[in-house]
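K.L.:
no sequence on this one, just coordinates:
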C-alpha cells in the first residue's frame, strides 16, 4: 500500500475507542514514517518509578552535578528494554542521531546518555524505553478506522506540557474537546 500521508514529526492522538489499552489516551511523536512502516514514541506515559539517574546507574554511567532529573516514559511496546531520546535539534550524537525535522531529533545510542550525565546533552529531552511500531499500511488503516487523530508537533507541547495534560492539550491544538469525541467510527 502506498503511503498517502506524511506523519514524520507529527503527533498521533489516541481516540477514546482505542482498542489497545497500552495506547489509551496516548500521544505519540512520529519519528519515522514511510512505505515500509512507521515508528514513534509515546511521550505522555511516564513509567512512574524509573528515572534517568536509575538508567545511568544500571549502565554504570556516573551522573555529574549537571545531569538532569528526567522521568523515563513508556515509549511503546516494541523493544521495551531499549532506550530512545527524543530531543530538540541543537544536539547531535557522535554515533547516530535521526533528524526528524527542523525542530526534533531522536538518538538511541549510549553516547547521548553519557552526554546527559555530564550536562552536555540537548536542552529539551524526553527519555523513553521502547517504541511504537507499525508495519506497511498498518498505521494508515488504524487512522482510517478512527483509532488516531493527527496534529502538528511543536516543541512547547512536546517538551514543556506535563505528561498528565499532554493528551488534552494535543486535542485542544486541533480545536477538539475530549468530551466531544466519540469512541465509534462511522460513515456518512
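P.N.:
Sure thing, it's come through. Quantities reported herein were computed from a predicted structural model and do not represent experimental measurements.

K.L.:
which residues of this structure fall in helices?
P.N.:
All helices of the chain, identified by DSSP state H, fall at 52-58, 110-117, 138-144, 155, 163-173.

K.L.:
Could you single out the most deeply buried of those?
P.N.:
For the helices of the chain, ranked by mean neighbour count under the definition mean count of other C-beta atoms under 10 Å, the leader is helix 110-117 at a mean of 20. Every residue, glycine included, has its C-beta placed from N, CA and C.

K.L.:
Which elements pack onto that one?
P.N.:
In terms of contacts (3 or more C-beta pairs under 8 Å, 6 or more residues apart in numbering; DSSP states H and E), helix 110-117 is packed against helix 52-58, strand 78-88.

K.L.:
which residues touch the residue nearest the centre of the chain?
P.N.:
The chain has residue 41 as the residue nearest its centroid, 2.8 Å off, counting by C-alpha atoms, centre = their mean. Contact criterion C-beta atoms under 8 Å, 6 or more residues apart in numbering gives 28-29, 31, 73, 75-76, 84, 86, 106, 126, 128, 131-132 as the residues in contact with residue 41.

K.L.:
Same check on residue 38?
P.N.:
Counting by C-beta under 8 Å, 6+ apart, the residues that residue 38 touches are 7, 30, 32, 133-134, 138-139.

K.L.:
most surrounded residue in the contacts of residue 41?
P.N.:
Of all the contacts of residue 41, the highest neighbour tally under other C-beta atoms under 10 Å goes to residue 75, namely 30 neighbours.

K.L.:
nearest spatial neighbour of it, skipping sequence neighbours?
P.N.:
Once its chain neighbours are removed from consideration, residue 75 has its nearest residue in residue 128; the separation is 2.9 Å (C-beta to C-beta, 6 or more residues apart in numbering).

K.L.:
wait, the one you found sits on residue 42?
P.N.:
Yes. The pair residue 128 and residue 42 qualifies as a contact (C-beta atoms under 8 Å) at a distance of 6.9 Å.

K.L.:
which neighbours do these two share?
P.N.:
73-76.

K.L.:
Show me which of the residues you listed is closest to residue 24.
P.N.:
When these are ranked by distance to residue 24 (C-beta to C-beta), residue 74 comes first, at 11.7 Å.
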